[in-house]
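Colleague: Fold the following for me, if possible:
(one chain, ligands or ions: 3)
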Amino acid sequence: MKPKIAFFDFTGCEGCQLEVLNFETELVDLLNLVDIVNFREAMTERSDDYDIAFIDGAISTESDIARIKAIRDQAKILVTIGSCSSLGGVNCLKNFYPMKEVLKIVYGKDAKYYNTIPARPVSAVVPVDYSLPQCPVNRFEFINLTKALLLGKKPERPNYPVCVECKLAENGCVFDKGGTCLGPVTRAGCGAICITNGRHCWGCRGLVDEPNINSEKEILKEHGLTVEDMLKKFRIYDGWLEVSK
Ligand code: SF4
Ligand code: SF4
Ligand code: SF4
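Modeller: Numbers count the residues shown, from 1 in each chain. Ligands and ions are numbered 1, 2, ... in the order given. Sure, this is the predicted structure:
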(Lines give C-alpha, C1' and ligand atoms only; values in the text may rest on other atoms or scores of the structure.)
(Ligands and ions follow the chains in the order given, each with its own letter.)
Protein backbone atom coordinates (compact mmCIF):
# COMPACT_ATOMS: atom_id res chain seq x y z
CA MET A 1 0.00 0.00 0.00
CA LYS A 2 1.28 3.48 -0.86
CA PRO A 3 2.05 5.86 2.05
CA LYS A 4 -0.60 8.54 2.50
CA ILE A 5 0.59 12.12 2.66
CA ALA A 6 -1.29 15.26 3.65
CA PHE A 7 -0.61 19.00 3.45
CA PHE A 8 -1.95 21.47 6.00
CA ASP A 9 -1.74 25.24 6.07
CA PHE A 10 -1.64 27.52 9.10
CA THR A 11 -0.69 31.23 9.21
CA GLY A 12 1.27 32.20 6.11
CA CYS A 13 0.75 33.18 2.51
CA GLU A 14 0.49 29.52 1.34
CA GLY A 15 3.29 30.23 -1.10
CA CYS A 16 5.04 27.07 0.08
CA GLN A 17 2.17 24.81 -1.02
CA LEU A 18 2.06 26.69 -4.31
CA GLU A 19 5.79 26.07 -4.71
CA VAL A 20 5.21 22.31 -4.26
CA LEU A 21 2.44 22.44 -6.88
CA ASN A 22 4.75 24.31 -9.26
CA PHE A 23 6.99 21.24 -9.37
CA GLU A 24 4.73 19.66 -11.95
CA THR A 25 6.89 16.89 -13.49
CA GLU A 26 8.31 15.61 -10.21
CA LEU A 27 4.92 15.83 -8.54
CA VAL A 28 3.46 13.48 -11.15
CA ASP A 29 6.32 11.02 -10.45
CA LEU A 30 5.67 11.39 -6.72
CA LEU A 31 2.02 10.47 -7.22
CA ASN A 32 3.16 7.05 -8.43
CA LEU A 33 4.73 6.45 -5.02
CA VAL A 34 2.29 8.06 -2.57
CA ASP A 35 -1.39 8.89 -2.17
CA ILE A 36 -2.06 12.55 -1.45
CA VAL A 37 -5.14 12.54 0.78
CA ASN A 38 -5.33 16.16 1.92
CA PHE A 39 -4.12 19.23 0.04
CA ARG A 40 -6.60 22.13 0.26
CA GLU A 41 -4.82 24.22 -2.36
CA ALA A 42 -4.98 21.42 -4.92
CA MET A 43 -7.98 19.14 -4.29
CA THR A 44 -11.39 19.01 -2.64
CA GLU A 45 -11.25 15.44 -1.23
CA ARG A 46 -10.05 15.24 2.39
CA SER A 47 -9.14 12.38 4.68
CA ASP A 48 -7.87 12.29 8.25
CA ASP A 49 -6.03 9.02 7.61
CA TYR A 50 -2.41 9.89 6.67
CA ASP A 51 1.15 8.83 7.45
CA ILE A 52 3.20 11.93 6.64
CA ALA A 53 1.97 15.48 7.33
CA PHE A 54 3.59 18.49 5.64
CA ILE A 55 2.86 21.72 7.48
CA ASP A 56 2.92 25.19 5.94
CA GLY A 57 2.45 28.32 8.10
CA ALA A 58 3.04 29.42 11.69
CA ILE A 59 0.90 28.85 14.77
CA SER A 60 -0.84 32.10 15.69
CA THR A 61 -4.22 31.34 17.33
CA GLU A 62 -5.42 29.11 20.17
CA SER A 63 -7.39 27.03 17.64
CA ASP A 64 -4.15 26.49 15.66
CA ILE A 65 -2.68 24.83 18.76
CA ALA A 66 -5.53 22.32 19.06
CA ARG A 67 -5.41 21.62 15.30
CA ILE A 68 -1.66 21.01 15.10
CA LYS A 69 -1.84 18.69 18.13
CA ALA A 70 -4.53 16.61 16.40
CA ILE A 71 -2.38 16.42 13.24
CA ARG A 72 0.65 15.38 15.32
CA ASP A 73 -1.41 12.63 16.97
CA GLN A 74 -2.34 11.19 13.56
CA ALA A 75 0.92 11.61 11.58
CA LYS A 76 3.75 9.10 11.90
CA ILE A 77 6.09 11.75 10.47
CA LEU A 78 5.55 15.51 10.65
CA VAL A 79 7.56 17.84 8.41
CA THR A 80 7.45 21.64 8.40
CA ILE A 81 7.84 23.22 4.98
CA GLY A 82 8.91 26.85 4.64
CA SER A 83 10.12 29.53 7.03
CA CYS A 84 6.73 30.25 8.63
CA SER A 85 6.12 26.74 9.98
CA SER A 86 9.81 25.98 10.62
CA LEU A 87 11.00 29.28 12.15
CA GLY A 88 7.85 31.31 12.82
CA GLY A 89 8.97 33.51 9.93
CA VAL A 90 7.53 36.90 9.05
CA ASN A 91 4.53 36.24 11.31
CA CYS A 92 6.73 36.71 14.39
CA LEU A 93 7.22 40.41 13.58
CA LYS A 94 3.91 41.01 15.36
CA ASN A 95 5.34 39.52 18.56
CA PHE A 96 7.29 42.73 19.13
CA TYR A 97 3.98 44.60 19.75
CA PRO A 98 1.18 44.07 22.29
CA MET A 99 -1.33 41.61 20.79
CA LYS A 100 -4.29 44.01 21.37
CA GLU A 101 -2.49 46.69 19.38
CA VAL A 102 -1.76 44.23 16.57
CA LEU A 103 -5.45 43.28 16.32
CA LYS A 104 -6.47 46.95 16.24
CA ILE A 105 -3.94 47.79 13.52
CA VAL A 106 -5.14 44.91 11.33
CA TYR A 107 -8.89 44.78 12.01
CA GLY A 108 -9.69 48.28 13.32
CA LYS A 109 -13.18 48.46 14.89
CA ASP A 110 -13.74 44.76 14.19
CA ALA A 111 -10.76 43.69 16.33
CA LYS A 112 -13.08 42.34 19.04
CA TYR A 113 -14.24 39.57 16.71
CA TYR A 114 -10.74 38.10 16.34
CA ASN A 115 -8.22 36.48 18.63
CA THR A 116 -4.48 36.11 18.24
CA ILE A 117 -1.51 34.85 20.22
CA PRO A 118 2.20 35.52 19.65
CA ALA A 119 3.16 33.67 16.45
CA ARG A 120 5.48 30.68 16.84
CA PRO A 121 6.99 27.84 14.82
CA VAL A 122 5.25 24.45 14.88
CA SER A 123 8.16 23.02 16.91
CA ALA A 124 7.21 25.35 19.80
CA VAL A 125 3.94 23.41 20.15
CA VAL A 126 4.53 19.79 19.03
CA PRO A 127 7.59 17.67 18.16
CA VAL A 128 8.67 18.09 14.53
CA ASP A 129 10.55 15.29 12.75
CA TYR A 130 12.07 17.33 9.90
CA SER A 131 12.12 20.99 8.90
CA LEU A 132 12.64 22.61 5.52
CA PRO A 133 12.87 26.36 6.19
CA GLN A 134 13.12 28.70 3.21
CA CYS A 135 10.70 31.33 1.89
CA PRO A 136 9.15 29.78 -0.10
CA VAL A 137 10.17 26.17 0.60
CA ASN A 138 12.91 24.89 -1.70
CA ARG A 139 11.04 22.44 -3.94
CA PHE A 140 14.19 20.41 -4.72
CA GLU A 141 14.73 19.94 -1.00
CA PHE A 142 11.08 18.96 -0.63
CA ILE A 143 11.38 16.25 -3.28
CA ASN A 144 14.71 14.99 -1.91
CA LEU A 145 13.36 14.79 1.63
CA THR A 146 10.21 12.99 0.47
CA LYS A 147 12.29 10.48 -1.50
CA ALA A 148 14.53 9.88 1.52
CA LEU A 149 11.50 9.28 3.77
CA LEU A 150 10.02 6.82 1.27
CA LEU A 151 13.33 4.95 1.12
CA GLY A 152 13.58 4.91 4.92
CA LYS A 153 16.73 7.05 4.83
CA LYS A 154 17.60 9.99 7.09
CA PRO A 155 17.28 13.20 5.06
CA GLU A 156 20.51 15.25 5.01
CA ARG A 157 20.69 19.03 5.22
CA PRO A 158 23.73 21.28 4.92
CA ASN A 159 25.28 22.53 8.13
CA TYR A 160 27.48 25.24 6.71
CA PRO A 161 26.65 28.89 6.01
CA VAL A 162 25.29 30.49 2.84
CA CYS A 163 28.71 32.20 2.45
CA VAL A 164 30.14 28.89 1.24
CA GLU A 165 27.64 28.67 -1.63
CA CYS A 166 28.01 32.40 -2.28
CA LYS A 167 31.76 32.03 -2.78
CA LEU A 168 31.22 29.00 -5.02
CA ALA A 169 28.88 31.17 -7.11
CA GLU A 170 31.74 33.71 -7.36
CA ASN A 171 29.63 36.57 -6.01
CA GLY A 172 31.25 39.72 -4.66
CA CYS A 173 30.58 40.11 -0.93
CA VAL A 174 27.73 42.45 0.05
CA PHE A 175 29.78 43.69 3.04
CA ASP A 176 32.53 44.89 0.70
CA LYS A 177 29.90 46.99 -1.08
CA GLY A 178 28.81 48.64 2.18
CA GLY A 179 25.76 46.43 2.77
CA THR A 180 24.88 43.80 5.38
CA CYS A 181 24.06 40.15 4.93
CA LEU A 182 23.00 37.22 7.14
CA GLY A 183 24.92 34.71 5.00
CA PRO A 184 27.64 34.05 7.61
CA VAL A 185 25.13 32.60 10.10
CA THR A 186 22.41 31.19 7.82
CA ARG A 187 22.15 27.53 6.82
CA ALA A 188 23.10 26.94 3.18
CA GLY A 189 21.05 24.96 0.66
CA CYS A 190 19.55 27.72 -1.48
CA GLY A 191 22.68 28.24 -3.59
CA ALA A 192 22.96 31.83 -2.25
CA ILE A 193 20.19 32.73 -4.68
CA CYS A 194 19.43 36.18 -3.27
CA ILE A 195 23.03 37.40 -3.41
CA THR A 196 23.49 35.98 -6.90
CA ASN A 197 20.46 38.06 -7.92
CA GLY A 198 21.87 41.29 -6.52
CA ARG A 199 20.38 41.30 -3.00
CA HIS A 200 21.64 40.08 0.39
CA CYS A 201 20.73 37.11 2.57
CA TRP A 202 17.75 37.73 4.88
CA GLY A 203 18.21 34.50 6.84
CA CYS A 204 15.09 32.69 5.60
CA ARG A 205 16.68 29.23 6.04
CA GLY A 206 17.36 29.74 9.73
CA LEU A 207 20.65 29.55 11.57
CA VAL A 208 23.43 27.02 11.04
CA ASP A 209 24.10 24.93 14.13
CA GLU A 210 26.35 26.88 16.51
CA PRO A 211 26.60 30.10 14.45
CA ASN A 212 28.98 31.55 17.01
CA ILE A 213 31.74 29.10 16.17
CA ASN A 214 31.48 28.77 12.40
CA SER A 215 34.41 30.16 10.48
CA GLU A 216 32.32 32.46 8.28
CA LYS A 217 31.39 34.59 11.28
CA GLU A 218 34.87 36.08 10.77
CA ILE A 219 33.28 38.11 7.95
CA LEU A 220 31.08 39.80 10.56
CA LYS A 221 34.06 40.35 12.84
CA GLU A 222 36.02 42.01 10.03
CA HIS A 223 33.16 44.51 9.72
CA GLY A 224 32.86 45.11 13.47
CA LEU A 225 29.65 43.04 13.90
CA THR A 226 28.66 40.08 16.09
CA VAL A 227 26.14 37.28 15.50
CA GLU A 228 23.85 38.98 18.06
CA ASP A 229 24.04 42.33 16.18
CA MET A 230 22.98 40.58 13.00
CA LEU A 231 20.05 38.74 14.58
CA LYS A 232 18.66 42.05 15.83
CA LYS A 233 19.10 43.58 12.40
CA PHE A 234 17.31 40.73 10.65
CA ARG A 235 14.14 40.00 12.60
CA ILE A 236 12.20 39.33 9.45
CA TYR A 237 12.50 35.53 9.57
CA ASP A 238 14.22 34.77 12.86
CA GLY A 239 12.28 37.02 15.26
CA TRP A 240 11.02 34.00 17.22
CA LEU A 241 14.56 33.29 18.42
CA GLU A 242 14.74 36.77 19.91
CA VAL A 243 11.35 36.80 21.66
CA SER A 244 11.49 33.19 22.90
CA LYS A 245 14.78 33.58 24.82
S1 SF4 B 1 7.55 30.62 4.18
FE2 SF4 B 1 7.23 32.35 2.77
S3 SF4 B 1 6.16 31.46 1.01
FE4 SF4 B 1 5.99 29.98 2.71
S5 SF4 B 1 4.03 30.49 3.70
FE6 SF4 B 1 5.65 31.62 4.78
S7 SF4 B 1 5.70 33.66 3.78
FE8 SF4 B 1 4.61 32.27 2.41
S1 SF4 C 1 28.34 37.72 3.76
FE2 SF4 C 1 26.72 37.46 2.24
S3 SF4 C 1 27.55 38.35 0.37
FE4 SF4 C 1 29.28 38.03 1.75
S5 SF4 C 1 30.09 35.99 1.22
FE6 SF4 C 1 28.61 35.70 2.86
S7 SF4 C 1 26.69 35.26 1.82
FE8 SF4 C 1 28.05 36.18 0.30
S1 SF4 D 1 20.13 33.72 0.30
FE2 SF4 D 1 19.37 33.83 2.40
S3 SF4 D 1 17.37 34.84 2.22
FE4 SF4 D 1 17.95 34.16 0.15
S5 SF4 D 1 17.02 32.10 -0.06
FE6 SF4 D 1 19.10 31.81 0.72
S7 SF4 D 1 18.85 31.72 2.95
FE8 SF4 D 1 17.00 32.64 2.12
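Colleague: Could you check what's spatially nearest to residue 36, not counting adjacent residues?
Modeller: Nearest non-adjacent residue to residue 36, counting by CB to CB, 6 or more residues apart in numbering: residue 5, 5.6 Å away. Yep, even glycine has a C-beta here, placed from its N, CA and C like the rest.
Colleague: ok, the host helix or strand of the one you found near ligand 1 or not?
Modeller: Taking DSSP states H and E as the criterion, residue 5 maps to strand 4-9. No: interface with ligand 1: strand 4-9 contributes nothing (CB under 6 Å from any ligand atom), its closest point being 7.7 Å away.
Colleague: so residue 30 touches residue 142, yeah?
Modeller: No: Residue 30 is beyond contact range of residue 142, at 9.5 Å (criterion: CB atoms under 8 Å).
Colleague: could you say what helices and strands the strand holding residue 5 packs with?
Modeller: On a contact count with 3 or more CB pairs under 8 Å, 6 or more residues apart in numbering; DSSP states H and E, strand 4-9 meets helix 15-21, strand 35-39, strand 52-56, helix 62-74.
Colleague: one step back: run a quick neighbour tally on the residue nearest to residue 36.
Modeller: By other CB atoms under 10 Å, the residues close to residue 5 number 24.
Colleague: Could I get the buried residue list for stretch 234-245?
Modeller: 234-241 (16 or more other CB atoms under 10 Å).
Colleague: Just the mean pLDDT for it, thanks.
Modeller: Across stretch 234-245, pLDDT averages out at 78.
Colleague: Over to stretch 85-100?
Modeller: Stretch 85-100 comes out at a mean pLDDT of 94.
Colleague: Show me how this structure divides into domains.
Modeller: Domain segmentation of the chain under automatic domain parsing yields 4-150, 162-243.
Colleague: ranking these by mean pLDDT, which is last?
Modeller: Among the domains of the chain, domain 162-243 carries the lowest mean pLDDT (a mean of 89).
Colleague: Off-centre distance for that one?
Modeller: 16 Å (CA atoms, centre = their mean, to the nearest Å).
Colleague: cool, and stretch 72-79?
Modeller: Computed by CA atoms, centre = their mean, the separation of stretch 72-79 from the middle of its chain amounts to 17 Å.
Colleague: Can you get me the start-to-end distance on that stretch?
Modeller: Here the two ends of stretch 72-79 are set 10 Å apart, with distance taken as CA to CA, to the nearest Å.
Colleague: Stretch 89-103 too?
Modeller: By CA to CA, one end of stretch 89-103 lies 19 Å from the other end.
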